[in-house]
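# sequence isn't available, so here's the structure alone:
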Ligand code: FE2
């Protein structure tokens, strides 16, 4: 794990001067998925997305109940975990939710204080501060529940020099597909149930000391058929951003309701992964078989110069290139951003990835919401879930 902290990629520090940082977060540490078959999932994320083999825990390392594969690409660390017998509680998670995100782990200086500060403000404990040791030092981890059965783990690794965590060994593989240019996690989005968005906004404010820095209501996020609301929560230094979505009334079933029906709970909807060259990254992902949402209509691309206004002057990408790859573009006062969304990564229409390149813009592609959701609705219609 790199100890280097890239000093606030977002330049949001000023906005958050008022935020009370009783929970200093250094960054995202790892994201753990509970999956039905970690070996096959690891192959998929390596082959399709270019993640690299990093660490392993299983029968060979003395883990009798579960197997975990740790994959890395630049600063993104994914852990894929599967149970080894029917008694493991991991099974219950998979039976109910299918494959999905169990843990969003946050890198902290002090995991004991993180646990104490959050639980005293009302967080439901998941794991008391626990010291794990091996010959490379020690890691302290603690955990609290957030929405649904999702968990935030706090990871203190300043006294550890080993591979990932104690209990893991380095995973060397003969199969090493090249990376695709994915760099770090820009934001992670949670879907929560009806009337729950503000409950969780308040939870992140009260329990984690986050601030709400952007809000979108159903008047801004709607199509002919469906609507949703979203509020973006950020920690004090702007490194961690968690938008929270809830469904809103529409003529048909929104994608958030579809998610809640299939995940059978609140949970993580998508991880947004950054790249410095979205055209190159998306071209490679497509060649490797990653499926993306269908493209917006031609009129969307024809309207780009008008929508971008002055930002067109600084735009380096060719609109035809974007059109060919179905990449979307949006702008705010600070610049523009390019983004594209994969189809769900498993058979249940639940978790997906966003690929994002920020060219100054700090928003989330609000100008693309309508085109994006219409695209999702065409997919929902095919699934019979609209
Ligand atoms: Fe996003």
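Right, received. Where do you want to start? Bear in mind the structure is a predicted one, so any value in this text is a computation, not a measurement.

# what about residue 317, how many residues close to it?
Neighbour count for residue 317, taken as other CB atoms under 10 Å: 17. The C-beta positions use only the backbone N, C-alpha and C, and glycine is treated the same way.

# correction: residue 61
13.

# what do you get for residue 86?
Using other CB under 10 Å, residue 86 has 6 neighbouring residues.

# that one and residue 347: what is the separation?
From residue 86 over to residue 347 the distance is 21 Å, taken as CB to CB, to the nearest Å.

# figure out how far the top helix by length along the chain is from the centre of its chain.
Longest helix of the chain, by residue count under DSSP state H: helix 369-383. Centroid separation between helix 369-383 and its chain, computed with CA atoms, centre = their mean, to the nearest Å, is 20 Å.

# show me what it is packed up against.
helix 255-263 (3 or more CB pairs under 8 Å, 6 or more residues apart in numbering; DSSP states H and E).

# next, the buried residues of the helix it packs on.
Using 16 or more other CB atoms under 10 Å as the test for burial, helix 255-263 gives 255-260, 262-263.

# cool, stretch 311-326 as well?
By neighbour count on 16+ other CB under 10 Å, the buried set for stretch 311-326 is 311, 315, 317, 319, 322-323, 325-326.

# name whatever forms a beta bridge with the spatially most central residue of the chain.
What sits nearest the mean C-alpha location of the chain, by CA atoms, centre = their mean, is residue 271, with 2.2 Å. For residue 271, the beta-bridge partners are residue 188, residue 353 (DSSP bridges).

# follow-up on the earlier one: of the buried residues of helix 255-263, which is the nearest to residue 46?
Residue 46 lies nearest to residue 263 out of those, by CB to CB, at 24.9 Å.

# give me the pLDDT value at that closest one.
Residue 263 carries a pLDDT value of 98.

# wait, it touches residue 100, no?
Yes: Residue 263 is within contact range of residue 100, at 6.3 Å (criterion: CB atoms under 8 Å).

# isn't residue 323 up against residue 295?
Yes: with contacts counted by CB under 8 Å, residue 323 reaches residue 295, the gap being 7.4 Å.

# still on that earlier bit, how about JSON lines for the buried residues of stretch 311-326, with secondary structure added?
Listed next are these as JSON lines, based on DSSP: H, G, I helix; E, B strand; the rest coil:
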{"residue": "311", "secondary structure": "helix"}
{"residue": "315", "secondary structure": "coil"}
{"residue": "317", "secondary structure": "coil"}
{"residue": "319", "secondary structure": "helix"}
{"residue": "322", "secondary structure": "helix"}
{"residue": "323", "secondary structure": "helix"}
{"residue": "325", "secondary structure": "helix"}
{"residue": "326", "secondary structure": "coil"}
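
# ok, of those, which one's closest to residue 163?
Residue 163 lies nearest to residue 325 out of the buried residues of stretch 311-326, by CB to CB, at 35.6 Å.

# which residues touch the nearest residue to that closest one once chain neighbours are set aside?
Distance criterion CB to CB, 6 or more residues apart in numbering; nearest residue to residue 325, sequence neighbours excluded, is residue 282 at 4.9 Å. Going by CB atoms under 8 Å, 6 or more residues apart in numbering, residue 282 touches 292, 325, 327, 340, 355.

# please name the nearest non-neighbouring residue to the residue located most distally from the centre of the chain.
Distance from the centre of the chain peaks at residue 135, with 32.1 Å (CA atoms, centre = their mean). Counting by CB to CB, 6+ apart, residue 135 lies nearest to residue 162, which is 7.6 Å off, once chain neighbours are set aside.

# with residue 77 instead?
In space, residue 77 is closest to residue 30, 4.0 Å off (CB to CB, 6+ apart).

# and that neighbour, that one's in a strand?
Yes: counting by three-state DSSP, residue 30 is part of a strand.

# what's the neighbour count on it?
Residues lying near residue 30 (other CB under 10 Å) number 23.
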